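Participant: The sequence and its predicted three-dimensional model are supplied below.
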Amino acid sequence: MPTVVIANLKSTSIRFEDKGENLLEMLLSATDWMHACGKKGRCTSCRAKILQGAGDLSPLSKTEKQFLELNKLQKDERLTCQTQVYGDVRVEVPKPTQLPHLEYSE
Ligand code: FES
């Protein structure tokens, strides 16, 4: 069963059965995760750093490419609200989008 692991949040592990599920929805099923624009691809607050498994994610969306060009998204980051998951992935919450009420290891 494919798994998404949040490395810097106590290695929280989310298992899923259906390939192609939205990454943000999966993360929200296990923890709080910033998503200021309401999953519309406008804010970048939902971004995740992808540590492993980038090849098991959907291709970059048009919105993500635009944020990359504007340097508002790093090459190893994805907008979770724009990304579908097809296999094992290991992510990290970037420092600027960490929530104050959660305890991160980095
Ligand atoms: S929630 Fe705003 S870009 Fe994903």
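Facilitator: Ah, there it is.

Participant: For beta bridges, what are the partners of residue 91?
Facilitator: Following DSSP bridges, residue 91 is listed with bridge partners residue 6, residue 50.

Participant: residue contacts, it?
Facilitator: Residues near residue 91 by Cβ atoms under 8 Å, 6 or more residues apart in numbering: 4-7, 23, 27, 48-51. Glycine gets a C-beta too; all of them are placed from N, C-alpha and C.

Participant: which among those residues end up buried?
Facilitator: Using 16 or more other Cβ atoms under 10 Å as the burial test, the contacts of residue 91 include 4-7, 23, 27, 48-50 as buried.

Participant: Out of these, which comes closest to residue 95?
Facilitator: Proximity of the buried ones among the contacts of residue 91 to residue 95 was ranked by Cβ to Cβ; the top entry is residue 49 with 9.6 Å.

Participant: residues contacting the closest one?
Facilitator: Applying Cβ under 8 Å, 6+ apart to residue 49 gives the contacts 74, 76-77, 91-94.

Participant: Name the nearest residue to it, sequence neighbours excluded.
Facilitator: Closest residue to residue 49 apart from its sequence neighbours, by Cβ to Cβ, 6 or more residues apart in numbering: residue 92 at 4.4 Å.
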